[in-house]
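Q: sharing a model that was predicted from the sequence below.
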Amino acid sequence: MRRGFQNLTPEAEEGEIDVTPMLDVVFIMLIFFIVTASFVKESGIEINRPDAATSVAKPKAGILVAINENGEVWINKRMVEVGQVRANIERLHAENPQGTVVVQADEEARTKTLVAVMDAARQAGIYDISLATQEP
């Protein structure tokens, strides 16, 4: 045997792998995916939207307002009164000035409530208002 290798045991020959750099990379990737992810906004209730043959997807829907068949208005998973719709839309529009309003009205909802919500959006300064429909 050669002189320098006399006292080596099998435990001493095994090397250890340092996983700290790998954990750093994983955490950086996690932060990257969280920051770049786009989250789907929901109105808070399930709506039976009416069918429309000419419906077009609206990619930048910033403010979703839902009206169910009972005439209840929902914004950001909270039920609001029709008189409070304008204030809520103004607040959401201040957070996202490029956002548009998309009204998800149930096919059994009353037109009176729909018109009141659209008027509130216009009074809040938003004129780009769309109605959500279901493709047939």
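A: Okay, I see it. Numbering: from 1, shown residues only.
Q: domain parsing of the chain, as residue ranges.
A: Taking automatic domain parsing as the domain assignment, the ranges for the chain are 3-36, 61-131.
Q: show me which residues of the longest helix anywhere in the chain are buried.
A: Criterion DSSP state H: the longest helix present in the chain is helix 20-36. Neighbour-count burial for helix 20-36 flags no residue at all (criterion: 16 or more other Cβ atoms under 10 Å). Where you see a C-beta, it was placed from the backbone N, CA and C, and this is true even at glycine.
Q: convert it to CSV, retaining C-alpha atoms only.
A: The C-alpha trace of helix 20-36 is given here as CSV (Å, rounded to 0.1, in the frame of the first residue of the first chain):
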residue,chain,number,x,y,z
THR,A,20,-27.7,24.5,0.0
PRO,A,21,-27.1,25.9,-3.5
MET,A,22,-29.9,23.7,-4.9
LEU,A,23,-32.3,24.9,-2.2
ASP,A,24,-31.4,28.5,-3.1
VAL,A,25,-32.2,27.9,-6.8
VAL,A,26,-35.5,26.2,-5.9
PHE,A,27,-36.6,29.1,-3.7
ILE,A,28,-35.6,31.7,-6.4
MET,A,29,-37.6,29.7,-8.9
LEU,A,30,-40.6,29.6,-6.5
ILE,A,31,-40.4,33.4,-6.0
PHE,A,32,-40.2,33.9,-9.8
PHE,A,33,-43.3,31.8,-10.5
ILE,A,34,-45.3,33.5,-7.7
VAL,A,35,-44.5,36.9,-9.0
THR,A,36,-45.2,36.2,-12.7
